[in-house]
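Peer 1: Fold the stuff below for me.
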Amino acid sequence: MSSRSRSGKAWLLQAVTGAILTLAVLAHIYRVHLTGSAHGIPTYEEVISALKNPLVMAGEIVLAAAATYHALYGLHMVLVEAQLLREDVSKKIMLVIGIIIMTWLIGFNVIILLK
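Peer 2: From the prediction side, this is the model:
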């Protein structure tokens, strides 16, 4: 596979994660700031209780993975375009940072589920 086709797939995933994040922000604004004020903003206990639902937890993990990919790929592109790092070095660094972030996030979510 050529680097051009891989780059195209990475760009497409960047666009998809951007759309996911946009929808998530709009849903958050609607739920918490528009309808939430009429019913009261959820308490900490209500949020933790909702996170114990496996579907909510999975959704949060997918959302966090999308945000992590979107941010790290954007940072990768800035570093490469500004010629601060070579592309192969930047990819490796972003991969390690992404693995660290997702490991921490999944560990944090497991702790919440076990409480």
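Peer 1: Phi first, then psi, for the spatially most central residue of the chain.
Peer 2: Compute the mean C-alpha point of the chain, and by Cα atoms, centre = their mean the closest residue is Ala67, 2.3 Å away. The phi/psi pair for Ala67 (degrees, to the nearest 10) reads phi -60, psi -40.
Peer 1: wouldn't it be in contact with Thr17 here?
Peer 2: Yes. If you go by Cβ atoms under 8 Å, Ala67 and Thr17 touch, sitting 7.4 Å apart. All C-beta atoms are positioned from the backbone trio N, CA, C, and that covers glycine.
Peer 1: Spit out the residues that contact those two alike.
Peer 2: Counting by Cβ atoms under 8 Å, 6 or more residues apart in numbering, Ala67 and Thr17 have no common neighbour.
Peer 1: tell me which helix or strand of this structure sits lowest on mean pLDDT?
Peer 2: Least confident element among the helices and strands of the chain, by mean pLDDT, DSSP states H and E: helix 36-39 (a mean of 60).
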